[in-house]
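Engineer: predicted model and sequence below, questions to follow.
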Amino acid sequence: MSAERQNYQKAIETRLRKFVDYVIKKARSDDQFADELAKIFSSRTSSPPERAVQSKRPTFQVVTFLHENGEEKLRNELSLMTDSDLRDLFRMEGLARGKEIKTLERDVLISELIKYAVRKLNQGSAFLGGN
């Protein structure tokens, strides 16, 4: 075995030891973590532990973000999102469905989401006693 390979294996062993030491320390101080480890290691099947199902729905709230940060920051935030996330957000807000969304350009998605948020925010302010 080459010296380079030996050094690589030693580095991996060191990292693994640090990781295992951390897990042991965490399990000693955190009962919930220790219980989760016990579930994993006492499993009678060879299947991996169950993972919580994560929702595919975006958690970004356009109306709330607009209210807290303003239109320009909302536009900037939306422009950082992927096209797929924008389409998911568009669907979640009920602005369009199916193939209609796929044909929309990125700029249109962003501007329509902003218009929707402004409209919703203005509807909400009508109940605050404005004239």
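Structural biologist: Everything's here; your move. Residues are numbered from 1 along each chain as shown.
Engineer: average pLDDT for stretch 33-40?
Structural biologist: Averaged across stretch 33-40, the pLDDT comes to 85.
Engineer: kindly apply the preceding question to stretch 5-14 instead.
Structural biologist: pLDDT averaged over stretch 5-14 gives 88.
Engineer: and the contacts of it?
Structural biologist: Residues outside stretch 5-14 that contact it (CB atoms under 8 Å, 6 or more residues apart in numbering): none. Using the backbone N, CA and C atoms, a C-beta is placed for each residue, glycine as well.
Engineer: start at 38 instead
Structural biologist: Noted, 38 is the first residue going forward, which turns the last one into stretch 42-51.
Engineer: pull out the buried residues from it.
Structural biologist: Within stretch 42-51, no residue counts as buried by 16 or more other CB atoms under 10 Å.
Engineer: mind saving the C-alpha coords of that stretch as CSV?
Structural biologist: The C-alpha trace of stretch 42-51 is given here as CSV (Å, rounded to 0.1, in the frame of the first residue of the first chain):
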residue,chain,number,x,y,z
ARG,A,42,-3.1,5.7,0.4
GLN,A,43,-2.2,5.1,4.0
ASN,A,44,-2.4,8.8,4.8
TYR,A,45,-5.8,8.9,3.1
GLN,A,46,-7.1,6.0,5.2
LYS,A,47,-5.7,7.6,8.4
ALA,A,48,-7.5,10.8,7.6
ILE,A,49,-10.8,9.0,7.1
GLU,A,50,-10.3,7.0,10.3
THR,A,51,-9.6,10.2,12.2
